[in-house]
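*Asks:* Sequence and predicted model, in that order:
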Amino acid sequence: MLSRIQYWAATLDEHEEVFINAIKAAHEDESTFNERERAKLDEAKKRQRRIDTMLAQIYEDRAEGNISPDNFSMLLKKYQEEQADLSKCVASIEEKLHDANKTSKRLDAWVDAVRRYTHPTELTIPMLNALVDKIVIHDKQRAQSGERTQEIEIYYKFVGKLD
(Lines give C-alpha, C1' and ligand atoms only; values in the text may rest on other atoms or scores of the structure.)
Protein backbone atom coordinates (compact mmCIF):
# COMPACT_ATOMS: atom_id res chain seq x y z
CA MET A 1 0.00 0.00 0.00
CA LEU A 2 2.78 2.37 0.92
CA SER A 3 4.52 1.78 -2.40
CA ARG A 4 1.37 2.71 -4.35
CA ILE A 5 0.92 5.92 -2.34
CA GLN A 6 4.60 6.71 -2.83
CA TYR A 7 4.20 6.11 -6.55
CA TRP A 8 1.23 8.47 -6.88
CA ALA A 9 2.85 11.10 -4.63
CA ALA A 10 6.11 10.98 -6.61
CA THR A 11 4.25 11.13 -9.91
CA LEU A 12 2.34 14.20 -8.74
CA ASP A 13 5.48 15.82 -7.37
CA GLU A 14 7.59 15.23 -10.49
CA HIS A 15 5.03 15.16 -13.29
CA GLU A 16 1.75 16.73 -12.26
CA GLU A 17 0.39 16.73 -15.80
CA VAL A 18 1.20 13.01 -16.22
CA PHE A 19 -0.45 12.34 -12.87
CA ILE A 20 -3.67 14.10 -13.80
CA ASN A 21 -3.71 12.50 -17.26
CA ALA A 22 -3.26 9.05 -15.69
CA ILE A 23 -6.27 9.63 -13.47
CA LYS A 24 -8.34 10.98 -16.36
CA ALA A 25 -7.33 7.99 -18.50
CA ALA A 26 -8.72 5.73 -15.79
CA HIS A 27 -12.06 7.48 -16.20
CA GLU A 28 -14.15 8.40 -19.23
CA ASP A 29 -12.86 11.24 -21.38
CA GLU A 30 -14.84 13.95 -19.62
CA SER A 31 -14.27 16.83 -21.99
CA THR A 32 -15.59 14.92 -25.02
CA PHE A 33 -18.50 13.60 -22.96
CA ASN A 34 -19.34 17.10 -21.69
CA GLU A 35 -19.22 18.57 -25.19
CA ARG A 36 -21.56 15.90 -26.55
CA GLU A 37 -23.98 16.29 -23.65
CA ARG A 38 -23.97 20.09 -23.89
CA ALA A 39 -24.74 19.85 -27.62
CA LYS A 40 -27.63 17.46 -26.87
CA LEU A 41 -28.87 19.82 -24.17
CA ASP A 42 -28.76 22.84 -26.47
CA GLU A 43 -30.62 20.92 -29.18
CA ALA A 44 -33.30 19.72 -26.75
CA LYS A 45 -33.84 23.21 -25.34
CA LYS A 46 -34.03 24.65 -28.86
CA ARG A 47 -36.67 22.06 -29.74
CA GLN A 48 -38.59 22.91 -26.54
CA ARG A 49 -38.74 26.57 -27.56
CA ARG A 50 -39.89 25.58 -31.06
CA ILE A 51 -42.68 23.40 -29.65
CA ASP A 52 -43.82 26.25 -27.39
CA THR A 53 -44.09 28.45 -30.48
CA MET A 54 -45.97 25.77 -32.42
CA LEU A 55 -48.39 25.23 -29.52
CA ALA A 56 -49.17 28.93 -29.40
CA GLN A 57 -49.72 28.86 -33.16
CA ILE A 58 -52.16 25.96 -33.11
CA TYR A 59 -54.16 27.68 -30.34
CA GLU A 60 -54.35 30.81 -32.48
CA ASP A 61 -55.32 28.75 -35.53
CA ARG A 62 -58.04 27.03 -33.51
CA ALA A 63 -59.37 30.32 -32.15
CA GLU A 64 -59.49 31.76 -35.68
CA GLY A 65 -61.14 28.64 -37.03
CA ASN A 66 -58.22 27.77 -39.32
CA ILE A 67 -57.85 24.25 -37.91
CA SER A 68 -60.46 21.59 -37.26
CA PRO A 69 -61.13 20.40 -33.70
CA ASP A 70 -59.82 16.90 -34.56
CA ASN A 71 -56.57 18.22 -36.03
CA PHE A 72 -56.18 20.60 -33.09
CA SER A 73 -56.60 17.73 -30.61
CA MET A 74 -54.19 15.50 -32.53
CA LEU A 75 -51.49 18.20 -32.78
CA LEU A 76 -51.98 19.28 -29.18
CA LYS A 77 -51.51 15.72 -27.93
CA LYS A 78 -48.45 15.19 -30.16
CA TYR A 79 -46.77 18.41 -29.01
CA GLN A 80 -47.56 17.80 -25.34
CA GLU A 81 -46.07 14.30 -25.51
CA GLU A 82 -42.94 15.64 -27.17
CA GLN A 83 -42.71 18.40 -24.54
CA ALA A 84 -42.88 15.80 -21.75
CA ASP A 85 -40.19 13.66 -23.43
CA LEU A 86 -37.95 16.67 -23.94
CA SER A 87 -38.37 17.75 -20.31
CA LYS A 88 -37.20 14.31 -19.16
CA CYS A 89 -34.31 14.42 -21.63
CA VAL A 90 -33.20 17.88 -20.47
CA ALA A 91 -33.36 16.84 -16.81
CA SER A 92 -31.33 13.69 -17.53
CA ILE A 93 -28.64 15.56 -19.46
CA GLU A 94 -28.39 18.28 -16.80
CA GLU A 95 -27.94 15.57 -14.15
CA LYS A 96 -25.16 13.92 -16.21
CA LEU A 97 -23.38 17.26 -16.61
CA HIS A 98 -23.73 17.93 -12.89
CA ASP A 99 -22.21 14.50 -12.13
CA ALA A 100 -19.35 15.17 -14.55
CA ASN A 101 -18.67 18.46 -12.77
CA LYS A 102 -18.56 16.58 -9.47
CA THR A 103 -15.99 14.19 -10.98
CA SER A 104 -13.77 17.13 -11.87
CA LYS A 105 -14.05 18.43 -8.30
CA ARG A 106 -13.21 14.94 -6.97
CA LEU A 107 -10.05 14.93 -9.09
CA ASP A 108 -9.02 18.25 -7.56
CA ALA A 109 -9.72 16.86 -4.08
CA TRP A 110 -7.59 13.77 -4.85
CA VAL A 111 -4.68 15.91 -6.03
CA ASP A 112 -4.92 18.02 -2.85
CA ALA A 113 -5.02 14.90 -0.66
CA VAL A 114 -1.97 13.35 -2.37
CA ARG A 115 -0.05 16.64 -2.06
CA ARG A 116 -0.31 16.37 1.73
CA TYR A 117 1.76 13.17 1.53
CA THR A 118 4.42 14.14 -1.00
CA HIS A 119 7.24 11.95 0.37
CA PRO A 120 5.71 9.32 2.65
CA THR A 121 8.17 7.01 4.38
CA GLU A 122 5.71 5.03 6.44
CA LEU A 123 2.08 4.10 6.13
CA THR A 124 -0.10 5.85 8.70
CA ILE A 125 -3.76 5.59 9.59
CA PRO A 126 -4.44 9.27 8.75
CA MET A 127 -2.78 8.76 5.35
CA LEU A 128 -4.90 5.69 4.62
CA ASN A 129 -8.05 7.47 5.76
CA ALA A 130 -7.26 10.49 3.58
CA LEU A 131 -6.32 8.59 0.42
CA VAL A 132 -7.92 5.13 0.40
CA ASP A 133 -11.61 4.36 0.17
CA LYS A 134 -11.35 0.56 0.27
CA ILE A 135 -9.07 -2.37 -0.48
CA VAL A 136 -10.50 -5.52 -2.02
CA ILE A 137 -8.45 -8.69 -1.57
CA HIS A 138 -9.46 -11.57 -3.84
CA ASP A 139 -9.02 -15.29 -3.19
CA LYS A 140 -5.63 -16.81 -3.89
CA GLN A 141 -5.28 -18.42 -7.29
CA ARG A 142 -2.91 -21.29 -8.04
CA ALA A 143 -1.41 -21.47 -11.53
CA GLN A 144 -0.56 -24.80 -13.16
CA SER A 145 3.07 -24.11 -12.35
CA GLY A 146 2.14 -24.14 -8.68
CA GLU A 147 2.71 -20.42 -8.30
CA ARG A 148 0.14 -18.67 -6.12
CA THR A 149 -1.18 -15.23 -6.95
CA GLN A 150 -3.63 -12.98 -5.23
CA GLU A 151 -5.26 -9.94 -6.78
CA ILE A 152 -5.59 -6.82 -4.66
CA GLU A 153 -7.68 -3.86 -5.80
CA ILE A 154 -7.18 -0.43 -4.28
CA TYR A 155 -10.01 2.08 -4.53
CA TYR A 156 -8.79 5.58 -3.77
CA LYS A 157 -10.94 8.30 -2.32
CA PHE A 158 -12.46 10.69 -4.82
CA VAL A 159 -11.22 8.82 -7.96
CA GLY A 160 -11.86 5.11 -7.41
CA LYS A 161 -9.69 2.36 -8.84
CA LEU A 162 -6.63 3.60 -10.73
CA ASP A 163 -4.31 0.61 -11.01
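*Replies:* Received, thanks.

*Asks:* Quick check, central residue of this protein?
*Replies:* In the chain, the residue lying closest to the centroid (Cα atoms, centre = their mean) is residue 100, at 3.7 Å.

*Asks:* in the helix or strand containing residue 60, what counts as buried?
*Replies:* Taking DSSP states H and E as the definition, one finds residue 60 inside helix 30-63. Neighbour-count burial for helix 30-63 flags 34, 37, 40, 41, 44, 47, 48, 51, 58, 62 (criterion: 16 or more other Cβ atoms under 10 Å). The way it works is simple: take the backbone N, C-alpha and C, and place the C-beta from them, glycine included.

*Asks:* As a markdown table, those with distance to residue 129 and pLDDT would be great.
*Replies:* Putting the buried residues of helix 30-63 into a markdown table (distance: Cβ to Cβ, whole Å; pLDDT from 0 to 100) gives the following:
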| residue | distance to residue 129 | pLDDT |
| --- | --- | --- |
| 34 | 31 | 76 |
| 37 | 34 | 86 |
| 40 | 39 | 92 |
| 41 | 38 | 93 |
| 44 | 42 | 95 |
| 47 | 48 | 95 |
| 48 | 46 | 95 |
| 51 | 52 | 95 |
| 58 | 61 | 94 |
| 62 | 66 | 91 |
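
*Asks:* Show me which of the residues you listed is closest to residue 155.
*Replies:* residue 34 (24.2 Å; Cβ to Cβ).

*Asks:* Double-check residue 154 against residue 4; I have them as touching.
*Replies:* Yes: with contacts counted by Cβ atoms under 8 Å, residue 154 reaches residue 4, the gap being 6.0 Å.

*Asks:* per-residue confidence for residue 127?
*Replies:* For residue 127, the model assigns a pLDDT of 89.

*Asks:* meant to ask about residue 84, not that
*Replies:* 95.
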